[in-house]
Each structure stands twice: as C-alpha cells, then as structure tokens.
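>>> sequence plus the predicted model coming up.
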Amino acid sequence: MRAPDARRWWGLGALAVALLALGFDLTILNVALATLSEDLDASTSELQWIVDSYVLVFAALLLPAGLLGDRFGRKRLLLAGLALFGAASLAGALAGDAATLIAARAGMGIGAALVMPLSMSILPTIFPPEERTRAIAVWSASMALGLPLGPLLGGWLLEHYWWGSIFLINVPVVALGGIAIALLLPESRDPAAPRIDLGGSALSMAGLVALVYGMIEGPVRGWADPLTLGAICGGLVLLTLFVLWERRAREPIMDVAMFRDRRFVWALAAGTLSAVIMAGALFTAPQYLQVVQGNDVLGTGVRLIPMLLGLMAGGIVTERLAGRVGTKPIMVAGLVLLGAGFGLGATTGTGDGYGFTAAWLTVAGLGVGLAMIPAMDTVLSCLPGDRTGRGSGLVQALRQTGAALGIAGLGSIVSSVYRDRIDPGGLPAAAAETARDSIGGAAAVAERLGDGALLASARDAYVQGMDVALAACAAVALIAAALVAAFLPPHAAPSADDRQSEHEHVAS
C-alpha cells in the first residue's frame, strides 16, 4: 500500500540523507590521494586499489543485493547496509597502512551494495509513475550533493585533522539516515522472488575481480606480463560464462530478457558510460589540481566544485525539459557536452591556469547531469514493479562495474604515459623508482632533494598522461551520443497505458 503523501516525500528525504554518505565517499577520497600516497607510502597501484576495492566489491555484490531485498525486505536490507557501511568507515578511519585501508574500503563497498539498489528499488513502491521523474531527480541530486561536498569537506578535514577523518565523517551521516529510514519508510518485498543464483553470483564476482586486477596491474607489471594477460583474459572468460549461465539458469540472478528492450539497453548504456567517464575524471583531475597546479587539499576540493555544480544544473534542466521534449534529446545533448568538455580538457598544458580547468570541468559536469538522470528515469520505467530490486541491482551493477573499469583503465593510461615520459635524471635506483611510481612520490622525492627539474618533469609527464585519458573519455562520449541518437527509440518514456498499468501494479 502506498504511503500517505507527506510520508512519501519525507521518506525520500530519508533516502537522500543515506545516499549523501555514499556521495561523500565517491569523491571525498579523491582529494586525499596525494596525502595517502605520502602518509601511507602508497604506490599508484595501491591508490587505485584503495579506490577500486570499494567500487569493485560494490559492483560485484549489487546483483545479489537487489534480489535479497526483493526476497527478504528492501527496508530491512537497506538498514543493514547502512550499519555495515558505517562500521567499515570507522575501521577505515583507524587504518594504519594501505592494506588495512583497502580491506576497510571493501567492507564499505559491501554496505554500499545493499544501500544503492534498494534505495532505488523503493522509489516505484512509494511514488506513482507521474511523480517518478521528480523522485529520481531528488534521488540523483542527493548523490550529486554529496559529490561537491565530498572534496570540499575532505579538503577542510585534511587541512585541520588527520586523513582518517574523511572516513569518520560517514558515521554520523549514516546514523541520521538510518534512523529516518527506520521511522519513515514502509517495508516492501516480492514474495515470489527466486533464490540466490550462487553459480551466477560466483562467476560474476570472480570475473570482475580478475578483469579489474589485470587492468590495474598492467602499467606496473607491463601489459605483456603473463599475470596481467592471464587476469584480463580470465576475467573476460568468466564474465562470458556468467552470461551463458544466466541464459540457462532456472532462477537467474540477471534477467537477460530485459536486454531485448531497446529503451532499456540504450538508456542503460548512456547512464553507464557517463558513470565510467566521470569516475575516471575524478581520479585523475584532483592529482593534477594538487600536484601540478600546486593547490592544497582544501583548494583542490574547492576547485572541483564547477564540475559537480554542472552535474546538479543538468539535473534541474532535465526535470524541467523531460516532460516536454522527452528524454532521448536530453541524453544525446548531455553526451555531446560531455565529449566537448573532456575534449577541451585534453588540450591542457602544464602552464594553463585554473580558469581553463574550471571551464572544461563545468561543461563536462553539465553533460553528465543531462545524460545520466534521464537515462536512469528511462531505465527504471522499463522495470516490472515486482522486480525493482533485481532490476535496480542490475542497473547499478553495470554502472558501478563501468566506474571500476573506468578508474582502472583511465588510471592505467595516465600511469603508463607518466612512467614513459618522466625523466628521473641521475637519481639513485630506489628514488628513481619512487618517482616513476606516482606523481605524489615524485613530488616527495623532489622536495626532499630540492630537485626542481624532477618536479617539472613529473608535472609535465602527468599532464601528458591526463590529456590522453581525457581524449579517450571525449571519444567514448561522442561515440555514445551517436549510438544513442541512432538506436534509442524516439519515445524513450513509456506510454500512458504502460504508466497506468505500472501504477495499478505498484498500488496493489
């Protein structure tokens, strides 16, 4: 039964508070990468694992998490996820080395895997279809609000406290969100939900871990290294077996039939690629702002705001235009703007000022907002009401898998170009390897030795690597815009009959 109007919107507010913590965590770490590199002596590979351990575990568990919510209760599992996320955040704040922090981040990923799809799957159970676009805009905006607050808050915390405070801040936010959800949201479930597909779950998780591990280790070990090639090829084989398994499973964890719907496929592609590109950019840009442009951590957080404000502006524009022009033109325009923004960013030079950086970050952020929010609205409209948990799990799994691969792939591009272009001069072998390992390491060595030439070489090498990565982002966005324009059906929103049928189903 649908909650009363007032409780419906207050319940959405409770979800927004919970998602705010996840929004913090997606960006608050980015301004701390250079600090973690120095304080924990973390290599580029370890920095990528600190980021990717969260995203990878998150993505790998989203499919079973959505099904568990359908089966055992979405509200119950949502609260369990928030509790785990808060406990793992506390463990991360107290970590003493990179390995412990990576483990804590993985625990946070498990909690987030419960929170994200279940918060999304609750929306159709408390909102009728005609209110769903606005609800999704609020749901997305809560994540978007956490994104700009994350680097700003993270920078302030790093200026005044130790680095663990960027994880500790999650605990009160999660507690507030959990209390509000417990009091305001109704419970919902699907009594006919199938059992967990253990074989499919194992194949998907093993495939993702192997694939991303290979992409992270490629720049360090070399792309021709047997371990790198074995991990990448093994991951692809396992994911192929997962798809074949799901096609024949009696109770699949992933409903392959959804991919026969062109609206679902191409809207999902637009949303996923936007997440891929944004995740990779938020990994590379903060290190550029901090080490190349010489900003402190608070200044770095402030300077990321234009991209994230652009994202929020895109959400506002989408809400106002979607009902009049449909979601397809907005998605295509967003992807084109995304490509233009990162294409401009790909021309960055070492001597460019912040004004240029702010310009391309703003354009790119606006593109993300215009592409992602209508894409998720279209995708959610394609999901049957009794399978919103499973469907939302699939949607978020693909998005977060894309984000993990985006961080791994674009981080690998930057790292490969950086290692190839930096000139450590006549440094001792150990110091030279530290300088080659990351720009943060090079900056530390240069400061310790007073070597201005090394710092200049490291900055130039990093900018060259970032430009190649941003050019790749721009190309992917423009190709995606062309494909969505060509293949997404013109009427991306469901028909009035479809909406009425869904409304009746949800209300029953």
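Thanks, I have it.

>>> so residue 395 sits against residue 378, correct?
No - the pair residue 395 / residue 378 is not scored as a contact, 10.7 Å apart, by CB atoms under 8 Å. For glycine as for every other residue, the C-beta is placed from the backbone atoms N, C-alpha and C.

>>> residue 11 is in contact with residue 126, correct?
Yes - the pair formed by residue 126 and residue 11 meets the contact definition of CB under 8 Å, at 5.9 Å.

>>> need the pLDDT of the nearest residue to residue 201 once chain neighbours are set aside.
Leaving aside its sequence neighbours, residue 201 sits nearest to residue 64 (CB to CB, 6 or more residues apart in numbering; 5.1 Å). In the predicted model, residue 64 carries a pLDDT score of 78.

>>> separation between residue 64 and residue 123?
Separation of residue 64 from residue 123 (CB to CB, to the nearest Å) stands at 20 Å.

>>> please apply the same query to residue 356.
From residue 356 across to residue 123, the span is 39 Å (CB to CB).

>>> who has more neighbours, those two?
With other CB atoms under 10 Å as the criterion, residue 356 and residue 123 differ in neighbour count, and residue 123 comes out ahead with 21 against 14.

>>> show me the shaky parts of the stretch 151-300 of the chain.
When the per-residue scores of the stretch 151-300 of the chain are filtered using pLDDT under 70, the ranges that remain are 188-194, 216, 219-220.

>>> where do the helices sit along it?
Taking DSSP state H, counting those that start in this stretch as the criterion, the stretch 151-300 of the chain contains helices spanning 165-168, 170-184, 198-221, 226-248, 262-287, 297-303.

>>> who does the longest helix belonging to the chain touch, helix- and strand-wise?
For the chain, the helix that runs over the most residues, judged by DSSP state H, is helix 452-487. Helix 452-487 is packed against helix 262-287, helix 327-345, helix 388-421, helix 439-449, with contacts defined by 3 or more CB pairs under 8 Å, 6 or more residues apart in numbering; DSSP states H and E.

>>> report the angle between it and helix 262-287.
Angle between the axes of helix 452-487 and helix 262-287 is 170 degrees (criterion: axes from the mean of the first three to the mean of the last three CA atoms, to 10 degrees).

>>> could you tell me the average pLDDT over helix 452-487, please?
91.

>>> and that helix, which residues are buried?
Burial within helix 452-487, assessed by neighbour count using 16 or more other CB atoms under 10 Å, is assigned to 454-455, 457-474, 476-478, 480-481, 483-485.

>>> same thing with stretch 286-305?
So stretch 286-305, judged by 16+ other CB under 10 Å, has buried residues 286-293, 295, 297-305.

>>> again with stretch 162-173
Applying a neighbour-count criterion of 16+ other CB under 10 Å, one finds 163, 164, 165, 166, 167, 168, 169, 170, 171, 173 buried in stretch 162-173.

>>> so which residues make contact with it?
Counting by CB atoms under 8 Å, 6 or more residues apart in numbering, stretch 162-173 makes contact with 17, 20-21, 24-25, 28-29, 32, 35-36, 39, 85-86, 89-90, 92-95, 104, 108, 153-154, 157-158, all of which sit outside it.

>>> can you flag the buried ones in those?
Among the contacts of stretch 162-173, the ones that count as buried by 16+ other CB under 10 Å are 17, 20-21, 24-25, 28-29, 32, 35-36, 85-86, 89-90, 92-93, 95, 104, 108, 153-154, 157-158.

>>> just the residues you listed: which are in helices?
Secondary structure assignment (DSSP H) places 17, 20-21, 24-25, 35-36, 85-86, 89-90, 92-93, 104, 108, 153-154, 157-158 from these within helices.

>>> thinking again about what came up before, roughly how far does the residue nearest to residue 201 sit from residue 279?
With CB to CB as the criterion, residue 64 and residue 279 are 22 Å apart.

>>> more neighbours: which of those two?
residue 279 (26 against 23).

>>> does the more buried one touch residue 56 like I think?
No - here residue 279 lies out of contact with residue 56, judged by CB under 8 Å, at a distance of 11.8 Å.

>>> and the average pLDDT for stretch 367-380 is what?
82.

>>> send the alpha carbons of it over as PDB?
Taking Å, rounded to 0.1, in the frame of the first residue of the first chain, the C-alpha atoms of stretch 367-380 are listed here in PDB:
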ATOM      1  CA  GLY A 367      26.900  16.900 -19.700                       C
ATOM      2  CA  VAL A 368      27.000  14.200 -17.000                       C
ATOM      3  CA  GLY A 369      23.800  15.600 -15.400                       C
ATOM      4  CA  LEU A 370      22.000  15.800 -18.700                       C
ATOM      5  CA  ALA A 371      22.900  12.300 -19.700                       C
ATOM      6  CA  MET A 372      22.700  10.300 -16.500                       C
ATOM      7  CA  ILE A 373      19.400  11.500 -14.900                       C
ATOM      8  CA  PRO A 374      17.100  11.000 -17.900                       C
ATOM      9  CA  ALA A 375      18.900   7.700 -18.600                       C
ATOM     10  CA  MET A 376      18.100   6.300 -15.200                       C
ATOM     11  CA  ASP A 377      14.500   7.500 -15.400                       C
ATOM     12  CA  THR A 378      14.100   5.700 -18.700                       C
ATOM     13  CA  VAL A 379      15.700   2.500 -17.300                       C
ATOM     14  CA  LEU A 380      13.500   2.500 -14.200                       C
END
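
>>> residue 370: neighbouring residues, count only.
When neighbours are defined as other CB under 10 Å, residue 370 has 29 of them.

>>> quick one: contacts for the nearest residue to it once chain neighbours are set aside?
Spatial nearest neighbour of residue 370, excluding adjacent residues (CB to CB, 6+ apart): residue 334 at 2.9 Å. Applying CB under 8 Å, 6+ apart to residue 334 gives the contacts 270, 274, 314, 366, 367, 368, 369, 370, 371, 372, 374.

>>> what of residue 42?
If you count contacts by CB under 8 Å, 6+ apart, residue 42 has them with 36, 50, 98.

>>> which of these lies closest to residue 448?
Proximity of those to residue 448 was ranked by CB to CB; the top entry is residue 36 with 18.1 Å.

>>> quick one: that closest one from residue 419, how far?
Remark: distance between residue 36 and residue 419 (CB to CB) = 20 Å.

>>> cool, and residue 343?
With CB to CB as the criterion, residue 343 and residue 419 are 25 Å apart.

>>> then residue 490?
Distance from residue 490 to residue 419, by CB to CB: 47 Å.

>>> same check, this time on residue 244
From residue 244 over to residue 419 the distance is 38 Å, taken as CB to CB.

>>> ditto for residue 152
In this structure, residue 152 and residue 419 are 32 Å apart, going by CB to CB.

>>> what does residue 151 give?
In this structure, residue 151 and residue 419 are 26 Å apart, going by CB to CB.

>>> try residue 176
The spacing between residue 176 and residue 419, counted by CB to CB, is 44 Å.

>>> same question for residue 317.
Look at residue 317 and residue 419: by CB to CB, they are 41 Å apart.

>>> then residue 217?
In this structure, residue 217 and residue 419 are 13 Å apart, going by CB to CB.

>>> same thing with residue 105?
Computed with CB to CB, the distance linking residue 105 and residue 419 is 25 Å.
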